[in-house]
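Visitor: model this:
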Amino acid sequence: MSARWPLQKAKNEFSRVVDRALSEGPQTVTRHGKPVVVVSAVRGARGRTENRKASRALLALLRSCPVDLSRIVTRDRSVPRTVDLG
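Guide: Numbers count the residues shown, from 1 in each chain. This next block holds a predicted model:
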């Protein structure tokens, strides 16, 4: 089970959040009491089975997200604006 960190506390103690992600597994960061981010080790001290469980849990969390994420992955193909640097 991942620990839950309020955003402000996670910002103030980010090194500790990372250390715990490495030693204990994914750490959930909340904003206004709702989970918004999971900090997870790329390669932790846990075995592959534990990593698979964490990956499945993260995937389930992302799939259950009530926000429409499709706008995040679309690319703006409009002509770039001109900027005067002189």
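
Visitor: If you count contacts, what does the longest helix that the chain contains end up packed against?
Guide: Secondary structure of the chain per DSSP state H: the longest helix is helix 48-63. Helix 48-63 sits against strand 34-39, with contacts defined as 3 or more C-beta pairs under 8 Å, 6 or more residues apart in numbering; DSSP states H and E. Bear in mind the C-beta positions are built from the backbone N, C-alpha and C, glycine included.

Visitor: Distance from the chain centre to the strand it packs on, please.
Guide: Relative to its chain's centre, strand 34-39 lies at 6 Å (C-alpha atoms, centre = their mean, to the nearest Å).

Visitor: likewise stretch 59-67?
Guide: With C-alpha atoms, centre = their mean, you get 12 Å for stretch 59-67.

Visitor: V38 contacts V17, correct?
Guide: No. The pair V38 / V17 is not scored as a contact, 10.6 Å apart, by C-beta atoms under 8 Å.

Visitor: Residues that sit against both of these two, list them.
Guide: 27, 29 (C-beta atoms under 8 Å, 6 or more residues apart in numbering).

Visitor: where in the protein is pLDDT low?
Guide: Applying pLDDT under 70 to the chain flags the ranges 1, 44-51, 69-73.

Visitor: Apply 80 and report the result again.
Guide: For the chain, residues meeting the criterion pLDDT under 80 lie at 1-2, 43-52, 62, 65-76, 86.

Visitor: neighbours around A54, how many?
Guide: Neighbourhood size, A54 [other C-beta atoms under 10 Å]: 19.

Visitor: Tell me how far the closest residue in space to it that isn't next to it in sequence lies from P6.
Guide: Closest residue to A54 apart from its sequence neighbours, by C-beta to C-beta, 6 or more residues apart in numbering: P26 at 5.3 Å. Distance of P26 to P6, computed by C-beta to C-beta, to the nearest Å: 16 Å.

Visitor: Which one's more surrounded, these two?
Guide: Higher neighbour count among P26 and P6: P26, with 21 against 13, using other C-beta under 10 Å.

Visitor: Touching, that one and S55? I think so.
Guide: No. Contact criterion C-beta under 8 Å: P26 and S55 do not qualify, at 9.4 Å.

Visitor: which helices and strands sit right next to whatever helix or strand K11 lives in?
Guide: In this structure, K11 is located in helix 7-12 according to DSSP states H and E. Packing partners of helix 7-12 (3+ C-beta pairs under 8 Å, 6+ apart): strand 27-31.
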